[in-house]
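# sequence first, predicted coordinates after that:
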Amino acid sequence: MKNLEIKTLQSVNGVPFGSNKTEVRKAFGENFEEYPKKAKKTAEFQKGHDEIVQRMAEMAGKTVEEFLKDIPPVDLQIFDDYPFGMVDYSDNQIFEAIEIPKDYKTNLIVDGIDCSDFNITTLKSLSDDFTWDAENTSWVSLKKEISLYCPENKNTVECLLFGCPGYYDSSY
């Protein structure tokens, strides 16, 4: 599937934002690579890990339990990397966004407009509230939950992100 039809704030190829991972995979198929990858923890790995944690706790003057309580949980981005783009999931395995890098060469229709060429003018016509973000890397529409990633300059789009309603609420 190299053709995507996105209805902003609603769906991708008819798969609604808010669908669970099983539903998304059923609709998009099995041609993906899952991230983060499931690592196999060998007994040797676990022993080495436990020794490091023990030493770090001692250096901090704490028990292992106290030390581990002070470490924030790792916030890993969960996504499936398909040939047409990366499907992002929440911590609860809910479809919340899709990222489409320019080099994936996806035929892209957004709200009825052909955006396959990643033309900045066409992309910015998708919403009337695009603003340049504080990190100086992206045009962002909070109204439509769209990001146009432009790391080199403001007019060359390298990656697109389309999110579910509220996707940027916690970060903007």
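Cool, the structure landed.
# run the chain-centre distance for the helix ranked longest in the chain.
Ordering each helix of the chain by length in residues (DSSP state H) puts helix 43-59 first. Distance of helix 43-59 from the chain centroid (C-alpha atoms, centre = their mean, to the nearest Å) equals 31 Å.
# so what's residue 24 up against?
15, 80, 87, 89, 95 (C-beta atoms under 8 Å, 6 or more residues apart in numbering). To be clear about C-beta, it is placed using only N, CA and C from the backbone, and glycine gets the same treatment.
# let's see 6 Å
15, 87, 95 (C-beta atoms under 6 Å, 6 or more residues apart in numbering).
# of these, which is the most crowded?
For the contacts of residue 24, the largest neighbour count, defined by other C-beta atoms under 10 Å, is 25 neighbours, found at residue 95.
# doesn't that one fall inside a strand?
Yes. When DSSP: H, G, I helix; E, B strand; the rest coil is applied, residue 95 is found to be in a strand.
# is the residue nearest in space to the middle of the chain in a helix, a strand, or coil?
Nearest residue to the geometric centre of the chain (C-alpha atoms, centre = their mean): residue 88, 4.1 Å. Assigned by three-state DSSP, the conformation of residue 88 is strand.
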